[in-house]
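**Student:** Could you work out the structure for the sequence below:
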Amino acid sequence: MLILILSTLIVYWQVKDFDFVGYDDELYLTENHQVQAGLTFESFIWAFTTFHTGNWHPLTWLSHMLDCELYGLNPMGHHWTNLQLHIANTLLLFLIFQKMTGALWKSAFVAALFALHPLHVESVAWVAERKDVLSTFLGMLTIWAYISYVKKRNILRYLLVFILLSMGLMAKPMLVTFPFVLLLLDFWPLGRLGNISRLIWEKIPLFVPVAASSVLTFIAQQKVGAVYTFEALSIKTRIANACVSYANYMVKAIWPQKLAIFYPHPFGMLSLWHTFWSVLLIAGLSFLAIRMLNQYKYVAVGWFWYLGTLVPVIGLLQVGAQGMADRYTYIPLIGLFIIATWGISDLLKKWHYSKIILAVFAIILISAFSTRTYFQIKHWKNSAAVFENATKVTNYNWLAYNNLGLALMRNGKAEKAVFYYKKALEIKPDYLIALDNLGIALFQLGKLEEALSYYSEALKIDPEHAGIHNHIANVLAAQGKLEKAVNHYTKALTIDPDLAITHNNLAIALVAQGNLEKAIFHYELAIKKDPEYADAHYNLGCLLLNQKKNREAVAHFAEVIKINSEYAQAYHQIGLILVQQGKLKEASKFIIKAIQINPNYSEAIEHLQLINKSLNIEAQPSDIER
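**Tutor:** Below is the predicted model:
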């Protein structure tokens, strides 16, 4: 067990220095105020009632909230929790198979493959995939409790199985197939081969939480529009992609190359031969597994574990635009690991020196996978790295190009971002998000007319997109066309009245028009919609300050500092108010703080010099450094 822990730590230790990824991490953490608030009564209720991200997984939300309590938004802590859960899953998998089979080394080999396989990197190194490692942890505990129940059947032990499975489903609905997994384990290695109908009836209560989780998940995904209709994606295309995905996962399990965060769905572009050979492979292996049922039970169990646990995510009910995903293999690959471990052992057991050969083979294979995993993890150090890798190892990956552009934009590289947004649009000309992002990048570069042209294209695709109306208004405001800008801001708020940023932007335009009372109204609405919106507080504070309402202005500037202690302008404004009140020494402290945050803040430096002149003292470097 110590070797399993140490080897996993050595390979994954690098994640402690990794950043969040700009793909779902913002939905789960970096832009989610409910989660950032930590474990409060309100956030607890929210976790159990929200369908945010198109999922119902309250325990996953609570685990992220706990991390925010412990680590804030320091990525290291969040990565560390994922790694701890992955190690716990590895140890539980080892203990479960050791307990069921008594085969120490085989169980250790299955656990080592699970811990160190490159396909599992995505589930561990991606903070947003907490749901994978957490649900699997509860799934492993469910199996452990089930083994105890099988040894001594009573209502309390069964109740524990029921509770743990229910909790696992509240972390991720991937466990909906677990009643069938328990049936497979009844067959092998538990050897409960007596009354089949009794074994099935025994699992019936477990389908209650499974059904509840399935219904809630479907509602959640329908709410965010993530589920493809059969008109948009035919059943024929779904089945073809499912068969090809089953085959591709097996290929990547054996030869884990060209792994990416996103694989675009082929959407009917699969060749007939590719589909045919995939169907033939699955049918042939299924036939073999059934033929070997009596002599090699583990083959059937492993194979149907693999096939069955992939069913929820294989694309028959298509959610999202991915064709397949590495994270989907986190539990299913265990089935293939079972076949490989027991199968190779049986193949070589009549050979001379079979134990030595097996040991050498195991060391070579684990070493090879560990090395590949170590280098695969490096691609997850930040958003730019993970999406740049995806553009290199996949074809026609419009989402990867777009998200690489986003990562570059956040790093201040707008010119490079424009290049990648245009690459995304070459592949998918009607990609609304890329059109919008390209407009934003061009706006930042001062190319206003070009930005407007792309926004106009986006608006043709979705005339009722509030965000695009907001962005068009930003361009028009920058061009001084305030009336047109106000019209687009108003249209955006008609579509979505909860857009805090649009209320703020509209207020800025209204101030420029001299309509101050209406501007105050929209600043207040922005703050009502998002109480943590620091810019809206600051802008309202400045407007109130201009109206000589100093007390109200100070309250908003103080709120800005409470939200973001590094907001230099808020310290500066409080300092200026204190100057007006004749409190020069106190004012200098706030202005010094502003300069500490932004040493190039020329206006604050000038004001500090004037204060010091009034106090007949010179600004000392040490004052600003403190």
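**Student:** Just the helices from the stretch 201-350 of the chain, written as ranges.
**Tutor:** In the stretch 201-350 of the chain, the segments counted as helices under DSSP state H, counting those that start in this stretch are 207-223, 235-254, 272-291, 297-310, 333-348.
**Student:** So which elements touch the second one?
**Tutor:** Helices and strands touching helix 235-254, by 3 or more C-beta pairs under 8 Å, 6 or more residues apart in numbering; DSSP states H and E, are helix 272-291, helix 297-310, strand 322-324, helix 333-348. In short, each C-beta sits where N, CA and C put it, glycine included.
**Student:** export those to JSON lines and tack on mean neighbour count and mean pLDDT?
**Tutor:** Converted to JSON lines, the helices and strands packed on helix 235-254 look like this (neighbours: other C-beta atoms under 10 Å; pLDDT from 0 to 100):
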{"stretch": "helix 272-291", "mean neighbour count": "14", "mean pLDDT": "96"}
{"stretch": "helix 297-310", "mean neighbour count": "22", "mean pLDDT": "98"}
{"stretch": "strand 322-324", "mean neighbour count": "22", "mean pLDDT": "96"}
{"stretch": "helix 333-348", "mean neighbour count": "20", "mean pLDDT": "96"}
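**Student:** Please convert those to JSON lines, extending it with distance to residue 259.
**Tutor:** Written out in JSON lines, the entries for these read as follows (distance: least, C-beta to C-beta, whole Å):
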{"stretch": "helix 272-291", "distance to residue 259": "19"}
{"stretch": "helix 297-310", "distance to residue 259": "17"}
{"stretch": "strand 322-324", "distance to residue 259": "11"}
{"stretch": "helix 333-348", "distance to residue 259": "13"}
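**Student:** re the thing from before, of the helices of the stretch 201-350 of the chain, which is nearest residue 323?
**Tutor:** helix 235-254 (5.8 Å; C-beta to C-beta).
**Student:** coming back round to it: closest to residue 141 out of the helices and strands packed on helix 235-254?
**Tutor:** Counting by C-beta to C-beta, residue 141 lies closest to helix 333-348 out of the helices and strands packed on helix 235-254; the figure is 15.0 Å.
**Student:** circling back: I'd like to know which of the helices of the stretch 201-350 of the chain is closest to residue 392.
**Tutor:** helix 235-254 (16.2 Å).
**Student:** Tell me which residues of the closest one come out buried.
**Tutor:** By 16 or more other C-beta atoms under 10 Å, the buried positions in helix 235-254 come out as 237-238, 240-250, 252-253.
**Student:** now stretch 380-389: how far from the chain's centre is it?
**Tutor:** From the chain centre to the centre of stretch 380-389 is a distance of 14 Å (C-alpha atoms, centre = their mean, to the nearest Å).
**Student:** For residue 498, which three-state class applies?
**Tutor:** Secondary structure, DSSP: H, G, I helix; E, B strand; the rest coil: residue 498 is coil.
**Student:** need the contact list for it.
**Tutor:** Under the criterion of C-beta atoms under 8 Å, 6 or more residues apart in numbering, the contact partners of residue 498 comprise residue 529.
**Student:** any low-confidence regions in this protein?
**Tutor:** Segments of the chain classed as low confidence (criterion: pLDDT under 70) are 617-626.
**Student:** if we can go back for a sec, let's have the helices of the stretch 201-350 of the chain in JSON lines, adding distance to residue 483.
**Tutor:** Supplementary listing: the helices of the stretch 201-350 of the chain in JSON lines, determined by distance: least, C-beta to C-beta, whole Å:
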{"stretch": "helix 207-223", "distance to residue 483": "37"}
{"stretch": "helix 235-254", "distance to residue 483": "48"}
{"stretch": "helix 272-291", "distance to residue 483": "56"}
{"stretch": "helix 297-310", "distance to residue 483": "56"}
{"stretch": "helix 333-348", "distance to residue 483": "60"}
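**Student:** Which of the ones you listed sits closest to residue 12?
**Tutor:** In this view, those are compared for proximity to residue 12 by C-beta to C-beta, and helix 333-348 is the closest at 17.1 Å.
**Student:** Can you give the contact residues for that closest one?
**Tutor:** By C-beta under 8 Å, 6+ apart, the residues outside helix 333-348 that reach it are 93, 106, 109-110, 113-114, 117, 119-120, 249-250, 253, 296, 298-299, 301-307, 309, 354, 357-358, 361.
**Student:** returning to that earlier point: which one of the buried residues of helix 235-254 is nearest residue 167?
**Tutor:** Out of the buried residues of helix 235-254, the one with the shortest distance to residue 167 is residue 249. That distance is 27.1 Å, counting by C-beta to C-beta.
**Student:** All the strands of the protein, residue numbers only.
**Tutor:** Using DSSP state E, the strands of the chain run over residues 263-264, 322-324.
**Student:** Those into CSV, with extra columns for distance to residue 215?
**Tutor:** Supplementary listing: those in CSV, determined by distance: least, C-beta to C-beta, whole Å:
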stretch, distance to residue 215
strand 263-264, 28
strand 322-324, 23
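**Student:** which stretch among those strands comes nearest residue 552?
**Tutor:** With C-beta to C-beta as the measure, strand 322-324 is the member of the strands of the chain nearest residue 552 (49.5 Å).
**Student:** other SSEs contacting that closest one?
**Tutor:** In this structure, strand 322-324 packs against helix 235-254, strand 263-264, with contacts taken as 3+ C-beta pairs under 8 Å, 6+ apart.
**Student:** so what does the shortest one touch, helix or strand wise?
**Tutor:** With contacts taken as 3+ C-beta pairs under 8 Å, 6+ apart, strand 263-264 sits against strand 322-324.
**Student:** The strand it packs on: partners in the sheet, and parallel or antiparallel?
**Tutor:** Based on DSSP bridges, the strands next to strand 322-324 in the sheet, each with its direction, are strand 263-264 (antiparallel).
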